[in-house]
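[1] Have a look; sequence and predicted model below, questions after that.
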2 protein chains.
Amino acid sequence: MAVTKTLAQYVVDSRYEDLPKDVRHEASRALLNLCGCSIGGASHATVENALGAVRPFAGPGQASILGRREKLDILNAALLNGISSHVLDFDDTHVEAIHPSAPVWPALLALAEWKGVSGADVIHAFVIGVEVECRVGLAVVPDHYDVGWHITGTVGVLGAAAAAGKILGLDQQRMAWALGIAATQASGLREMFGSMCKCLHPGRAAQNGLHAAFLAACGFTSSEQAIEAPRGFGHVLSTRFDPAPIMAPWGKSFELMRNMYKPFACGLVVHGAIDGCMQLRSEYGLTPDMVDRIDLKVGKIVLELTGKTEPRTGLEGKFSVYHAAAAALCQGAGGEAQFSDECVNDPVVAGLRRRVHATVDESLSWAQAHVMITLKDGRKLERMVKDPVGSLEHPMSDRDLEAKFVDLTGGILGKAQQNNLIKLCWDLENLADAGVIARTGVPG
Amino acid sequence: MAVTKTLAQYVVDSRYEDLPKDVRHEASRALLNLCGCSIGGASHATVENALGAVRPFAGPGQASILGRREKLDILNAALLNGISSHVLDFDDTHVEAIHPSAPVWPALLALAEWKGVSGADVIHAFVIGVEVECRVGLAVVPDHYDVGWHITGTVGVLGAAAAAGKILGLDQQRMAWALGIAATQASGLREMFGSMCKCLHPGRAAQNGLHAAFLAACGFTSSEQAIEAPRGFGHVLSTRFDPAPIMAPWGKSFELMRNMYKPFACGLVVHGAIDGCMQLRSEYGLTPDMVDRIDLKVGKIVLELTGKTEPRTGLEGKFSVYHAAAAALCQGAGGEAQFSDECVNDPVVAGLRRRVHATVDESLSWAQAHVMITLKDGRKLERMVKDPVGSLEHPMSDRDLEAKFVDLTGGILGKAQQNNLIKLCWDLENLADAGVIARTGVPG
C-alpha cells in the first residue's frame, strides 16, 4: 500500500474551497491562541538561550519573532517561534496528545511573511499540516508515545513539511520527498520533559519541516515509502503501525476539529483538578486558611505525569497536580502567574500544597478529576469534573480565547496592537498578505 | 548509573597529552580521507540541491565548503560538508558500521575556521567525538541498526556535540546538556538508503551536534540522563541497551583505532574481489584481451548485496561484483572513475564483465574473496584474499591515502594545492590555526 504517496496526493489535491466554514474559523482560533502563547513566552529564558545560540549564525532578517524585535531568516524564525509557542505549556492539544499548532504555524508564519501569502492559502496549509501530523500520529499511537517519543516533535515535522510544501506548490513526487525528508528527521524524547529541550522539539519540527519542503522543491530526493516501509517511520518508531487513519478519505472530517485550547498554563491532565478547585472556591468563597485538606481522585496518567509533591520551580510546578490544586484554591486561577517560581515558593501556597492528597481512580479518564475539600469547620465540599473547561465537550469560546490572548500579551503589546492582532486573526481568510500577522506580533 | 553524566565527565577530563602518538596520527589520516571524499563529492547533485535549499537562508560566510567557493555560516557549512563527505559512500567505517568522520569532522572544521582553533585541540576533539559516538553505538548495536536506524546519523549527533563542546570548553553539566540536546535530535532511517537523504543524516548530525554544544553553552538545558533514562536514547531507540561500553574507563584504548578507510569507491563486500584482480593484473601484466574468464568465490552476503549482473549506471555498478572485478582487471583501479556511467558502459569492461562468474563459498567471510583467472593461453592464476586492503588487518598506508586523495580531488584542486593540503593534514598537530585546512580545501 503506497501510504506516503497517497498522503502526498491528498495534500496536492486538497482545495481551499472544500473546507467547511467552521474548519476555517478553527484555524483562526488556533492562530490567535498560538500568537498569545508565543508572545507571552517570548522573553522566557528558554527563548533567550536559544536565541543566543542562533544569533551569530542566522541569515537575513526575513521573518519576525513573535513578541520580540529581532528578525531572523525564516528557518531560524520558525525554530524560535516554535520554541516560544510551547514554552509555557499553554498551546493547543489534539485529543491524541499532539500539540498541533506549535510545529505548523511557525513554519507558515515565517513563509507567509517572507513570500507574502494570502490568508486563505495559509489557512488551507495549516489545516493540511494538522491533518497530516495527526493522521500519522493516529497510525502509531499509543505505542509510539508510550515507548517514549514526544509525538509533537516526531509527527510535527511531517505536518510542517506538508503545510510548507502546499504553499510552495510541490507536485506529488516532491510532496512525497518532503514527507520523507521530514520523516527521517523525526525526533524528540519524552525524557526531556521538564527541561528546555521539550520545546526545542516543536521548534526543530517547524524548522526542519519547512526546510524539508525547500529541499524537496530543489530536487533533494528521499524514499517514497518513508512512512510505511519496513525500515520507515511507522515500524522503526513504533511497535504499532496501522496505516488506516492515513489512508482514510480526505476531507470528510478534519482532525483540527478535535483540537483543544487550554485555559490553564499547564498540562491538560491537571485541568480537571484546577477547574474543580476554582469552582468550589468561587461558589463557597473559600480562602486557604479555611481548608483542612484537599483530596483528589484522578486518572492513573495524571499522577504518572504530574506527581511531583515538592516542586521547587515554576516549571516543576507544572508537573505537580498538588501545586496546581493548591494555587487554584489560593489564587482562583491557573495562569502563568500560578506557575512562576514565586508562586511555587509562596508559603501560603506551599503550606496548602502539603495538605493536598491525590489517589488514582481507574474509572476516571485523564481529563477528569474528583475534588473533595475538607474544611476546618468539618464541612466536606465535593465536585466531580467530567468535562473541564477547554475540553472538546466544553470548549473555550472565542471570547475566552481573546481574554487569554490579552492576558498573555499584556505588558508586551499595547492595547491597540492587541486588538489589532485579534482582529487580524478573526479576519485571516480575507487577508491578501498574511505576513501582517507576524509583523503585528512584534512589540511596537 | 549516571551514564550521561559519567560520559560528560570523561570528555571534560580528557587531556590531549594522554593521547598516544598513533591515535593522534590516525586523526590526521581520517581528516585527509574526509577532505578527499568531500572535495570529490562537492559537485554531486545531492550537494547542489542541498545548497539550493540553504543559500537563501544562510548566515554570514564564516566557514568554507570543501571543494566549493561558497562560504556559509558554520552550522550550514557543517551540514553541507557532512553531506558531501558521505555522498560518494567513500568515507571511513568503524567496525560497527558507523561512519565516524562524517558527523564529527565537518562540525570541527567549521568551528576551527571560525574561531581559530589549534590543530592539537582539533585532533583531541575529533578523537573524543569518535569515542563518544562509537561508545554510544556499541551500547545499542546490533538491535538499533537492525530495527532500521542509520547509526551514523543517530549516534553521530552525540559525537559532534561532544567534539564541539570540548572546543567550547563546556563544564560537566553543560557537556551533559549538550549530549542530551543531541540525543533528543537523534534521527535517520535506513529506508533512505539509495536516496539523497542517506547523506543528509551525517550532515544534520554535524549541524545539530555543533548547535547542541552552542545551545548548552548558552544555558539551554536538557535532561541529564538523556542516554540511560527509561525514556531516553538507549531504551527508546533500541531494544538492547548495555551501558558498559560507555562506562568503560576512558583512554585505555580508542575506538578511532578500529576505523577503516575504503580504497575502492563501493561497498566493503566487493573489496576482496577488486583487490584480488588488481594483484594478479599487476603481477602478471594482464590485459583484458588475455583473459578467457574470471571465477570468483565470495561470501553469501556479497551476492545478496552486489549480485547485479548487468548494471546500467555507475551507481548500479557499485552493486555489481561482476562489474567491479572486470573494471579492476581492465583499469587496475576501483575509484570513482570505475563506477561512472562511462566505465559501466565501456565495451571492453562490459565484455569482460560477461565473462565473470561468481559463486558462494559459505566458508568465506563478507570481506574475503577467492579469484581464479583463466587466461586464453590456458594458464590459471589464483589468489585468495583473506584481508583485503582497507581492512583493519591490512590498512591503507599513508601513501595509499594520499593517492586516494589525489585521485578524488584531481581537476578540482591544483597539484600544488593538493600537496599543500596533504602536508597540512600530516602536520595537523603542529598547526596554530587548523582553520587553514578548510580554507585550503577551496578550489583556488
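    Received it, and whenever you're ready, just let me know what you need.
[2] End to end on stretch A:230-242, go ahead and measure it.
    Terminal residues of stretch A:230-242 lie 13 Å apart, using CA to CA, to the nearest Å.
[3] Show me what counts as buried in it.
    Residues A:231, A:232, A:233, A:234, A:235, A:236, A:237, A:238, A:241 are the ones in stretch A:230-242 that count as buried (16 or more other CB atoms under 10 Å in any protein chain shown). Placement of C-beta: from N, CA and C, glycine included.
[4] can you tell me which two in those are farthest apart?
    For the buried residues of stretch A:230-242, with distances taken as CB to CB, the pair at the greatest spread is A:231 and A:238 (12.9 Å).
[5] ok, the residue nearest to residue A:121 when sequence neighbours are not counted - how many residues close by?
    Distance criterion CB to CB, 6 or more residues apart in numbering or on different chains; nearest residue to residue A:121, sequence neighbours excluded, is residue A:167 at 6.3 Å. As a burial measure, residue A:167 scores 21 neighbours (other CB atoms under 10 Å in any protein chain shown).
[6] and what of the one 3 residues further on?
    When neighbours are defined as other CB under 10 Å, residue A:170 has 24 of them.
[7] hang on, isn't it packed against residue A:9?
    No: here residue A:170 lies out of contact with residue A:9, judged by CB atoms under 8 Å, at a distance of 11.4 Å.
[8] Mind checking what helix or strand follows the helix or strand hosting residue A:419 in sequence?
    Secondary structure assignment for residue A:419, by DSSP states H and E: helix A:415-426. For helix A:415-426, the succeeding helix or strand toward the C-terminus, using DSSP H and E, is helix A:435-440.
[9] and that next one, what's its mean pLDDT?
    For helix A:435-440, mean pLDDT is 98.
[10] Over to stretch A:136-144?
    97.
[11] list the buried ones in that stretch?
    By 16+ other CB under 10 Å, the buried positions in stretch A:136-144 come out as A:136, A:137, A:138, A:139, A:140, A:141, A:144.
[12] what's the answer for stretch A:239-258, then?
    Buried-residue list, stretch A:239-258, by 16+ other CB under 10 Å: A:241, A:243, A:245, A:246, A:247, A:250, A:254, A:255, A:256, A:258.
[13] how distant is it from the center of its chain?
    19 Å (CA atoms, centre = their mean, to the nearest Å).
[14] Report the secondary structure state of residue A:327.
    helix (DSSP: H, G, I helix; E, B strand; the rest coil).
[15] oh sorry, the question was meant for residue A:372
    With three-state DSSP as the criterion, residue A:372 reads strand.
[16] need the contact list for the residue in the stretch 251-400 of chain A that chain B sits nearest to.
    Taking CB to the nearest CB, chain B has its nearest neighbour within the stretch 251-400 of chain A at residue A:315, 9.7 Å off. By CB atoms under 8 Å, 6 or more residues apart in numbering or on different chains, the residues touching residue A:315 are A:194, A:339.
[17] if I read this right, residue A:344 contacts residue A:312, doesn't it?
    Yes: contact status for residue A:344 versus residue A:312: in contact at 6.9 Å, counting by CB under 8 Å.
[18] Overlap in contacts, the two.
    Counting by CB under 8 Å, 6+ apart, nothing touches both residue A:344 and residue A:312.
[19] out of these two, which sits in the more crowded spot?
    The residue with more neighbours, out of residue A:344 and residue A:312, is residue A:344; 24 against 12, by other CB under 10 Å.
[20] Please name the nearest non-neighbouring residue to that one.
    residue A:317 (4.3 Å).
[21] Pull up the residues of the stretch 1-150 of chain A that are close to chain B.
    Counting by CB under 8 Å from any CB of the partner chain, the residues of the stretch 1-150 of chain A lying close to chain B are A:45-46, A:49-50, A:52-53, A:56-60, A:62, A:73-76, A:147-149.
[22] Kindly recompute the last result at 7 Å.
    A:49-50, A:52-53, A:57-59, A:73-75, A:147-149 (CB under 7 Å from any CB of the partner chain).
[23] Out of those, list just those in helices.
    When the residues of the stretch 1-150 of chain A next to chain B are checked against helices (DSSP state H), the matches are A:49, A:50, A:52, A:53, A:74, A:75, A:147.
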